[in-house]
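Engineer: Pasting the sequence and the predicted coordinates here, then a few questions.
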Amino acid sequence: MCNSKLLIGLIFFLLVLINLTLYPTYIAGKFITSIDKPFLYTDYEFLNTQGKSVRITDKLILMDFMFLECKPCWQKIAYMKDANFKNLKIYIIINGKINSKDQFYAFFKDKNDFSYLYDRGGELSEKMGVKSFPTEYLIYNNTILFSDNGFIPNTKQQYIKYRQDLISHITDNRQ
């Protein structure tokens, strides 16, 4: 009996320890896990809405992977439009395995609210392990710090505050 209580106590202690190491940061009412994984695709070339090849070279970026028919993706973009993310460059990456280049050009030819980029054949989406849409990555100095899969439409203010706090935390602690 004594050994089972000791074993249960040890398991509980290990679970708490694992939880504290996996979720070291509490931001805007949520625990976040910092990935700290190098972004290995700085030489990857996308197509922009004018058909030109471009590379992403900004210091602090949010890459949001989506496809044109994704309703949660568009709801998330509507939230992003109302946010004022300082020092953050937002790239909306359209998966070329799902949408054709012609669809991309036709849809985005007159849009200039974000940098819309075409991922030819969905190559980068695949390399980065994107399995659901939308999927976003927050990247600072070529290091992936945070990712978020899917979109739960909480209030717009919650979405904006969470991202602003996350960006502030990253820029404050990484300068």
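Structural biologist: Received it, and whenever you're ready, just let me know what you need. Keep in mind the model is a prediction, meaning the values are calculated, not measured.

Engineer: Just the residues contacting stretch 68-75, thanks.
Structural biologist: Contact with stretch 68-75 is made by 64, 66-67, 94, 98-99, 103-104, 107, 133-134, 150-151, 153, as judged by Cβ atoms under 8 Å, 6 or more residues apart in numbering. For glycine as for every other residue, the C-beta is placed from the backbone atoms N, C-alpha and C.

Engineer: Let's see if you can find the most crowded of the residues you listed.
Structural biologist: Most neighbours among these, by other Cβ atoms under 10 Å: residue 94, with 27 neighbours.

Engineer: distance between the helix or strand that contains it and the chain's centre?
Structural biologist: For residue 94, the host element (DSSP states H and E) is strand 89-95. Relative to the centre of its chain, strand 89-95 is centred 10 Å away, using Cα atoms, centre = their mean, to the nearest Å.

Engineer: Which neighbours in the sheet does it have, and how are they oriented?
Structural biologist: Looking at strand 89-95 with DSSP bridges, its partner strands are strand 60-66 (parallel), strand 115-119 (parallel).

Engineer: now could you export just the CA positions of the following helix or strand past that strand as CSV?
Structural biologist: As assigned by DSSP H and E, the chain's next helix or strand after strand 89-95 is helix 101-108. Output of helix 101-108 as CSV, limited to C-alpha atoms (Å, rounded to 0.1, in the frame of the first residue of the first chain):
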residue,chain,number,x,y,z
LYS,A,101,-1.8,29.5,-59.9
ASP,A,102,-4.7,30.8,-62.1
GLN,A,103,-7.1,30.7,-59.2
PHE,A,104,-4.5,32.5,-57.0
TYR,A,105,-3.9,35.3,-59.6
ALA,A,106,-7.6,35.8,-60.3
PHE,A,107,-8.6,36.0,-56.7
PHE,A,108,-5.8,38.2,-55.4
